[in-house]
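**Q** Turn this into a model:
(chains A and B)
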Amino acid sequence: MRMSNLFVQTLREFPADAEVISHKLLVRAGYIRKLTNGVYNFLPLMWRVLKKVENIVREEMDAAGAQELLMPFVQPSELWQESGRWDVYGKELMRLKDRHGREMCLGPTHEEVITSIAREGIRSYKQLPVNLYQIQSKFRDEIRPRFGLLRGREFIMKDAYSFDVDEEGLDKSYEIMAKAYRNIFERCGLETKMVQSDSGAIGGSVSHEFMVLVNEEAENNAGENDVFYCTKCGYSANSNHAVSIMNEVETDGKFTKAEIVDTPNTHSIEELAAFLNIPSTVICKALIYVVDGKYVLALIRGDRTVEETKLMNVFAGNDIRIARNDEIEEIMNASGFNAVAGFIGPKGLKNIEIVADETVKDLKNFVIGCNQNDKHLVGANWGIDVDLPQRIADIRLVEENDKCVDCGAELKVTKGIEVGNIFKLGTKYSKAMNATFTDKDGKEKPFIMGCYGIGISRTAAAAVERHHDEYGIKWPLAIAPYTVIVVPVSDQDEIQMKVAEEIYNKLLAKNVEVLIDDRSERAGVKLKDADLIGIPYRITVGKTIKDNLVEFKTRANNNVETITPDEAIAKILSL
RNA sequence: CGGGAUGUAGCGCAGCUUGGUAGCGCACUUCGCUUGGGACGAAGGGGUCGCACGUUCGAAUCGUGUCAUCCCGACCA
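**A** Residues are numbered from 1 along each chain as shown, chains lettered A, B, ... in the order given. This is a model prediction of the structure:
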């Protein structure tokens, strides 16, 4: 391709509305252009990159025995009613009505559709196992789209679904996918970590995410997830799922008798601890949440943080948020109190589910809210002054330097970009949608399902996050839009142009994806653009051509060699 | 959904306080000159100042509303 013909517009400056580096660079280098909030045009260079990623995904999925198909982007509400998700998916599901008033939605994922395909097409265990996948645009009406391609509303995704006769088969399918995913990301030039994760709204039991770890110190860190990992064994998990063994702390408050004391204006644990001159570890914190519209009181040790996903899962919920002040008022009124946040306790509260984190079990002579403003109960003990809730669970966020549950070594945290995930769905959808097959024993059984996603556009953006420098993108070879760019320094120089054209034509003849910068621009412009766009290799034909030498630059490490044109061609052909 | 900010040419911005009919840099067109790290000169083209209503002789500028975009928060009581 000739640069003079290539549809690309590089910008001298970064776009004002971009925050993270992949977004800034992809816009500035002319790969993408925003159409509206969270929705982007993929321009020719970007489309080449996306096709590269797609093809790697295709090859590995096909090699793993999966079969590609394509399902509709618009789906009828009836299927979602069947699975039960029409009412629980929330506002992320883009709903619309057709001209007859029938409710439809834009597909955010395709469990329902694939399940309907399976129940019509698969009758016998002899047809199993099977794994079907597609690569397609998805739409999720995100609360807050951001970070360019990393969290858009419309994005390209590969979603695969496996069907097995039993759990054993699912385990096998799951393993095959995990292996395929490792191959895919490795081929894309991305180092990933497979971490345990919450299974979320999709449902099911076991799930893992593939995270591209990003540098904690990087400015405008694009990693939206916290990943806890063991420094010794292989344990790693998303913060919404991570567990740990905690370090020992002081849990005896040493208050000799239980009494209600004045604690004016101590709205936070820090203020309360400072006022009473005690460590936060002898305070029992009480937080009111709303899970699927129902009130929940969560108790946790004062130095610890509630992990909302874990809390939500205790109640098998779909939605969780902290209660608003007016809701707290409502609860208090219903129980005959008037305390505000900061002074809440479990004792005497009505019509509320109470759950305690494991951290509060061992508290002795501790401090806890008593539903009276500006007062706390000190010297409290479970069973004497306050009842220990029936429901005790791990609802806490793991912290750095907690210990690994598998080996006892220290846990560390890092930021990650989730580029893929794999789920064991089990029979969640097949049962709900009555999707069954006839097994060997002649009985009807629901399919045992798994689902497996890869964000194609996000993977490309993550590659930019990981591979760039101050001058621009450094595409990994496998997903670069072009392999090499030939740059004649001066289009006035006949010899330079002639040699550049020769190199270009020889590479073209060998089916190399090659660009030639034949524009009548000054050298600086052409070289800056080549760096910005991030083509892995550059062959620069300049003055030294009179000695039959060109410059060969490797963008990944910015190494420069001076070699002959034939040597340069040979290097490219040997890649 | 709450809080903050911003909407002026394709991109990045100034002008607004103190109303008088729009400007700068990049990009674009033509000519000249230049060609190893985003040159230079000359001449051009391009904007209902997000939109609506209001105040005024007169609104990019003041007021009200609305839409859009970006950031922060969705949180530890």
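
**Q** ok, residue A:451 touching residue A:111?
**A** Yes - if you go by Cβ atoms under 8 Å, residue A:451 and residue A:111 touch, sitting 6.2 Å apart. To be clear about C-beta, it is placed using only N, CA and C from the backbone, and glycine gets the same treatment.

**Q** phi, psi of residue A:80?
**A** Residue A:80 has phi and psi values of phi -70, psi -30 when expressed as degrees, to the nearest 10.

**Q** got the contact list for it?
**A** For residue A:80, the contact set (Cβ atoms under 8 Å, 6 or more residues apart in numbering) comprises A:86, A:89, A:93, A:105, A:112.

**Q** possible to save those residues as TSV with neighbour count and secondary structure?
**A** Converted to TSV, the contacts of residue A:80 look like this (neighbours: other Cβ atoms under 10 Å; DSSP: H, G, I helix; E, B strand; the rest coil):
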residue	neighbour count	secondary structure
A:86	17	coil
A:89	18	coil
A:93	21	coil
A:105	22	strand
A:112	26	helix
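
**Q** Considering only those residues, which also neighbour RNA strand B?
**A** Among the contacts of residue A:80, no residue is within reach of RNA strand B (Cβ under 7 Å from any atom of the strand).

**Q** where exactly do the helices run in the stretch 151-300 of chain A?
**A** With helices called from DSSP state H, counting those that start in this stretch, the stretch 151-300 of chain A shows them at A:167-187, A:269-276.

**Q** elements contacting the helix or strand encompassing residue A:49?
**A** Assessed by DSSP states H and E, residue A:49 sits inside helix A:44-63. Using 3 or more Cβ pairs under 8 Å, 6 or more residues apart in numbering; DSSP states H and E as the contact test, the elements touching helix A:44-63 are strand A:67-68, strand A:130-139, strand A:154-164, helix A:167-187, helix A:456-466.

**Q** Can you pull the residues of the stretch 51-200 of chain A lying near RNA strand B?
**A** A:143-147.

**Q** The stretch 201-350 of chain A now?
**A** Contact residues, the stretch 201-350 of chain A versus RNA strand B (Cβ under 7 Å from any atom of the strand): A:267-270, A:272, A:285-289, A:300, A:302, A:305-308, A:321-323, A:325, A:328, A:341-344.

**Q** contacting residues around the residue of the stretch 201-350 of chain A at minimum distance from RNA strand B?
**A** Minimum separation of the stretch 201-350 of chain A from RNA strand B (Cβ to the nearest atom of the strand) falls at residue A:341, amounting to 1.9 Å. By Cβ under 8 Å, 6+ apart, the contact list for residue A:341 reads A:267, A:288, A:325, A:328.

**Q** Just the endpoints, please. Distance across stretch A:13-26?
**A** The straight-line separation of the ends of stretch A:13-26 (Cα to Cα, to the nearest Å) is 12 Å.

**Q** residues in contact with that stretch?
**A** Outside stretch A:13-26, the residues within contact range by Cβ under 8 Å, 6+ apart are A:27-28, A:32, A:34, A:46, A:146-150, A:218-222, A:461-462, A:464-465, A:468, A:472-473, A:532, A:534.

**Q** Which of the helices and strands packed on helix A:44-63 sits closest to residue A:3?
**A** For the helices and strands packed on helix A:44-63, the distance to residue A:3 is smallest for helix A:456-466, at 20.8 Å, taking Cβ to Cβ.

**Q** Indicate whether the closest one makes contact with RNA strand B.
**A** No - judged by Cβ under 7 Å from any atom of the strand, helix A:456-466 stays clear of RNA strand B, getting no closer than 13.6 Å.

**Q** No further queries at this time; thank you.
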